[in-house]
Every structure is written in structure tokens, then in C-alpha cells.
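Chemist: the sequence isn't on hand, but the structure is:
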């Protein structure tokens, strides 16, 4: 604890880091404030009752950062942005121009993709706002007054809130600490800790939740957290040797080092995107009543179909985003440029092939491990007789919380290392 306290003090001494932390906290506080600004024409208590029952709106509440529970201004959260990102990233696999723009045109190409993502986010925000409106009316939530102007105001308000949420996330990413979109989801999950603890205390007090059941739930959560921490901090160290070079009268190189390849290169994105994809059939069912029976399988967390698809999607997106975020050819070229090589491997294309092979080998167990951790509580709860509503955080929530927390700590660590301070991670 003393080391952690000292690290926090060291982080606070760095002016730039202190400013970034304060800015991040201020933006997240603003986001939470938006959760309590009600959408006009809707009774928040009626929505809260439906969301608390779980199901579709319970899943959507996770990605809205918890704002859907109060049906506030920012109730759509980052969901339109996540869906827009998924669509554009998948299109890169079939449209070479998009892939070239993302990888070869540098910052300018990424800026164009960001603009297209925003435009698509607006369109999806409108569609998802209409979906919410239709779903509410079919669930019996009354509008006041129930006319076209109220419906139009709800759609405009939710869409504007989604774009405001995206702006807050981008500001945090650019001027704060951590990934803004991930932190918005993170803060929504963490905000449920206190209400969940109060509810657990109430259930214990009235005898509806036995103490052994609570201990079992906490034990499962701790085991999942430990597994996630191990997976996110594990890395494969590839040895690298630098040849000696003489520049003028000085000799450079000759030392041995290593390149750390993270076991999970893509962070929490595979988990977030896998859940978002599973909501597509449910969203369609909101417009097509005949699909509601089929869509029920996609948000029943105890069904085999839901868990099998969630597992396969996590594996797919882990490989997909590892391929996007890590470029073995660029790494091999940089090593060759500065006189570095992997012992026993020829520089250039053979080194790139070697890095790709190593990455494939560590990504497979990592993706399988993440998938198992995500679905494990969904199978354990029925077997152990634990009600899903009493399990405060599912496997997906725990994966997101721990993953985002570790990635944010790594950024703080980088700032501290640059200032010659010891960080959180030893």
C-alpha cells in the first residue's frame, strides 16, 4: 500500500499527468451528470422498472454506461459509435481502399475514417433512437403527450446525446488518460457497485439471499478477476540482438534486449464488440415482431446459443483486432533499419513471418481464455442455483472493468517511467 500511495503522489507531481487525470475525471463526471437529465415525454420510473428486469434493455444498459436505467439524455451512450466502428472495420476486410486508407495513408487516412465513423454514428443514432421508441411503446411505457412531436423530440434528444457522448470520449482519449469510450463503459459499470451492494444487504436482511450464496458469488468474481489480471499482464518476450555499429569515433549497438508481445493485444475491444454484435438480431426484432421469439435466444445469457455465439465472437474479434493493431512487417523493417535481429532468424521478411507465427500462437489461447471467462458465470449461476439478478457483475462486466483499469494504469505507468518514477506495475 505504501508503494501505491507513493506512486500516486509521484503521478500527482507531474503537471501534465495531473492535468490529464483531472480532465478525465471532469469529463466522466459530466457524463454521469447527463445520466440524470431526463428525456422529455417519458416517465423514467417506468423505464427503470423494465431495465431492472434484465433482458434486452439490461444488456443495452451496460453499453450505455448505466444511463439507460434513468433514461437520461445520454441513454444511447457509446452504442452507436461501437456499431459504426464494427461496420467500418469489417468493411476494411472487403474494401481494399478502406484498408489502405487506414494503414498506408497515415494520420490523414485515419482522420478520414474518423469522420466517416461520426457520420455513420449519427445515422445509427437515429435508427437506434427509433428502435428505443418502438420498444418502449410495445413494452407499455406511456408518453406524455403521446403525439408525433413527443416522438420526434425523443429521437432528436437521444441522437444528440449519443454524439455528445462520442465527443466526451474523444476528448478523454486526446486530452486525458486512457481510452475515452472504454472509460465511459467502465464508469457506468463501476457506478453500479454501491447500489448493488445496498441491494445485496437488503436481500440478506430480509432473508432472500443466504450468506453462503453471497460468499460463493464473491469467490467466483475474485477468481475471474485474478484470471483477467493474469491474461492482460502476460507477455511473450522475443529476444533481440543489436549489431555493433561505428558512427564517427563512437560505437553503438551490441546489446541484447527483448520485444514484449502482449498476450492480449486488442484489449477489451473484442469483448465489447462481441456483445454489440449479439444485439443486432434483438434490434431487428424491435422492428419485426415476428422475430421476437427467435431474438429471445440472443439475450438469454443462460442459453447455449447465446454463450456459443459470444465465445466464437470473442475469439474472432481477438484475432481481428490483433491483426489490425499489430503490424509484424513494420516491426521487422524497423529492427532491420536499426541493426536489430532475432537470434537465429534472418532480418527482413523471415523476421516478420516469425513475429506473425509467435503472435498467432499466443492469440489462440488468449482468445479461448477470454471467451471461457466471459461465459463461465452464465453456466455456473444456474448450476449453483444463483439468480442472475443477484450476480452483481457478469463475466463480461468483470472483463471490461479489469481490462480498462489495466490499460489506463499502463498509460499512467508510461508517464511515470518517462519522468524516472516507479509506476504501479512491478
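Modeler: Done, it's in. As the structure is a computational prediction, the values presented were derived from the model and not from experiment.
Chemist: tell me the domain boundaries of this structure?
Modeler: 1-191, 207-393 (automatic domain parsing).
Chemist: so for residue 404, which of those sits nearest?
Modeler: domain 1-191 (4.2 Å; CB to CB). Every C-beta, even on glycine, is put in place using the N, C-alpha and C of the backbone.
Chemist: related to what we said a few turns ago, nearest to residue 415, of the domains of the chain?
Modeler: The nearest among the domains of the chain, by CB to CB, is domain 1-191 at 4.6 Å.
Chemist: secondary structure class of residue 238, three-state.
Modeler: Of the three states, residue 238 takes strand under DSSP: H, G, I helix; E, B strand; the rest coil.
Chemist: if I pick it, what's in contact with it?
Modeler: Contact analysis of residue 238 by CB atoms under 8 Å, 6 or more residues apart in numbering lists 258, 259, 260, 261, 342, 355, 358.
Chemist: partner residues bridging the fourth one?
Modeler: When bridges are taken as DSSP bridges, the partners of residue 261 come out as residue 236.
Chemist: if I look at it, how far off is residue 355?
Modeler: Distance from residue 261 to residue 355, counting by CB to CB, to the nearest Å: 8 Å.
Chemist: quick revisit: output the domains of the chain as CSV; include the columns mean pLDDT and distance to residue 415.
Modeler: Shown next, in CSV, are the domains of the chain (pLDDT from 0 to 100; distance: least, CB to CB, whole Å):
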stretch, mean pLDDT, distance to residue 415
domain 1-191, 79, 5
domain 207-393, 77, 18
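Chemist: tell me the buried residues in stretch 141-155?
Modeler: 141, 143, 150, 151, 153, 154, 155 (16 or more other CB atoms under 10 Å).
Chemist: could you do stretch 81-99 as well?
Modeler: In stretch 81-99, counting by 16+ other CB under 10 Å, buried: 81, 82, 83, 84, 85, 86, 88, 89, 92, 98, 99.
Chemist: now the last one: how far from residue 320?
Modeler: From residue 99 over to residue 320 the distance is 12 Å, taken as CB to CB.
Chemist: please apply the same query to residue 116.
Modeler: 19 Å.
Chemist: can you check residue 32 too?
Modeler: According to CB to CB, residue 32 and residue 320 sit 32 Å apart.
Chemist: likewise residue 267?
Modeler: 13 Å.
Chemist: now do residue 20
Modeler: According to CB to CB, residue 20 and residue 320 sit 30 Å apart.
Chemist: now the element after the longest helix along the chain, going C-ward?
Modeler: If you go by DSSP state H, the chain has its longest helix at helix 349-384. Using DSSP states H and E, the helix or strand that directly follows helix 349-384 along the chain is helix 395-418.
Chemist: centre of the chain to that next one, how far?
Modeler: A distance of 11 Å separates the centroid of the chain from that of helix 395-418, by CA atoms, centre = their mean, to the nearest Å.
Chemist: buried set for that helix?
Modeler: 395-410, 412-413, 415-416.
Chemist: tell me where this protein has strands.
Modeler: Counting by DSSP state E, the chain has strands at residues 235-242, 245-247, 250-252, 256-262, 340-341.
Chemist: for residue 271, give its distance to residue 158.
Modeler: From residue 271 over to residue 158 the distance is 25 Å, taken as CB to CB.
Chemist: before we move on, what about residue 136?
Modeler: From residue 136 to residue 158 the distance is 11 Å (CB to CB).
Chemist: got it, and residue 22?
Modeler: Taking CB to CB as the measure, residue 22 falls 30 Å from residue 158.
Chemist: name the residues of stretch 350-368 that are buried.
Modeler: For stretch 350-368, by 16+ other CB under 10 Å, it's 351, 352, 354, 355, 356, 358, 359, 362, 363, 366, 367.
Chemist: list of residues touching it?
Modeler: For stretch 350-368, contacts defined as CB under 8 Å, 6+ apart pick out 231, 236, 238, 261, 263-265, 270, 314-315, 318-319, 322, 326, 328-329, 331-333, 335-336, 341-342, 345.
Chemist: same question for stretch 328-341.
Modeler: Taking CB under 8 Å, 6+ apart as the rule, stretch 328-341 contacts 240-243, 245, 253, 259, 342, 347-349, 351-353, 355-356, 359.
Chemist: mind running it again at 6 Å?
Modeler: Contacts to stretch 328-341, defined as CB atoms under 6 Å, 6 or more residues apart in numbering, come from residues 240, 241, 242, 243, 245, 253, 347, 348, 351, 352, 355, 356.
Chemist: stretch 314-327 now?
Modeler: 265, 266, 269, 270, 273, 274, 363, 367, 370, 371, 374.
Chemist: distance of the last one relative to residue 35?
Modeler: Right, residue 374. Counting by CB to CB, the gap from residue 374 to residue 35 is 26 Å.
Chemist: returning to that earlier point: from the contacts of stretch 328-341, which two are the most distant?
Modeler: The most widely separated members of the contacts of stretch 328-341, counting by CB to CB, are 245 and 356 (27.5 Å).
Chemist: about what we covered before: just want the angle from the longest helix of the chain to helix 395-418.
Modeler: Interaxial angle, helix 349-384 versus helix 395-418 (axes from the mean of the first three to the mean of the last three CA atoms, to 10 degrees): 140 degrees.
Chemist: distance from helix 349-384 to the middle of the chain?
Modeler: 16 Å.
Chemist: same thing with stretch 334-347?
Modeler: Centre to centre, stretch against its chain (CA atoms, centre = their mean), the figure for stretch 334-347 is 35 Å.
Chemist: among the contacts of residue 238, who's most crowded?
Modeler: Most neighbours among the contacts of residue 238, by other CB atoms under 10 Å: residue 355, with 23 neighbours.
Chemist: so where do the helices sit in the stretch 151-300 of the chain?
Modeler: Counting by DSSP state H, counting those that start in this stretch, the segments of the stretch 151-300 of the chain that form helices are 180-190, 193-205, 211-233, 269-287, 292-295.
Chemist: a markdown table please, covering those helices and showing mean neighbour count and distance to residue 28.
Modeler: Formatted as a markdown table, the helices of the stretch 151-300 of the chain follow (neighbours: other CB atoms under 10 Å; distance: least, CB to CB, whole Å):
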| stretch | mean neighbour count | distance to residue 28 |
| --- | --- | --- |
| helix 180-190 | 24 | 5 |
| helix 193-205 | 13 | 15 |
| helix 211-233 | 15 | 21 |
| helix 269-287 | 20 | 17 |
| helix 292-295 | 14 | 33 |
